[in-house]
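Asker: after the sequence you'll find the predicted model.
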Amino acid sequence: MLSTSIWAILALTVTALPPRAPSATTTSCTTGAPASKHSSKFPIKDFTKVVPACNWTSYAVGGEWYDAHFISGPHYMAFSHTSDPFGAFKCQYTCNAAENCNSFFVWYENVNTDAEHMNCVLFNAVVPESAFVPANSIISGGAYDRLCKSG
């Protein structure tokens, strides 16, 4: 009988705990210049472009950050790197349609072949520069982080 009472108290204690707060490392928006300012060819006004500080051309979002914030993808799109930033322009619509999408990453595979295409992956947090890792045989189009709405 005593053990039943202890389990009842433990059950009440566990269910009374407050829900876990969101991770301090999850950021849903950022500040910066709209991506359209980087290239006015296609309007990408609700996102800012993020690239590695080390000026890589072939990189990806990787590691634990990718796994922790992945929503969906890769989303295949039949665009070549010569159309950039059109692929990112189209990927923003995929992100806007996905629940809780706060960033996306664009890259081109099979470059300069008949099979060249673009992929984009969606994330629930803005991509920090620390999430970039070197990659081979791709052309990276960059990460696009959602801008915070002002006012």
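Answerer: That came in fine, so what should we check first? Numbering: from 1, shown residues only.
Asker: what segments of this structure are strands?
Answerer: 47-50, 59-61, 70-77, 103-109, 117-123, 132-134, 139-146 (DSSP state E).
Asker: all helices for the protein, in order.
Answerer: With helices called from DSSP state H, the chain shows them at 2-15, 35-38, 63-69, 86-97.
Asker: not counting sequence-adjacent ones, nearest residue to Cys148?
Answerer: Cys29 (3.9 Å; C-beta to C-beta, 6 or more residues apart in numbering). Placement of C-beta: from N, CA and C, glycine included.
Asker: show me what stretch 108-121 is in contact with.
Answerer: By C-beta atoms under 8 Å, 6 or more residues apart in numbering, the residues outside stretch 108-121 that reach it are 61, 66, 70, 72-81, 84, 87-88, 91, 94-95, 104-107, 137-141.
Asker: next one: stretch 87-96
Answerer: By C-beta under 8 Å, 6+ apart, the residues outside stretch 87-96 that reach it are 35, 42-44, 46-47, 49, 75, 77, 79, 101, 103-104, 106, 108, 118, 120, 122, 141-142, 144, 146.
Asker: residues near Ser80, how many?
Answerer: Counted by other C-beta atoms under 10 Å, the residues lying close to Ser80 total 17.
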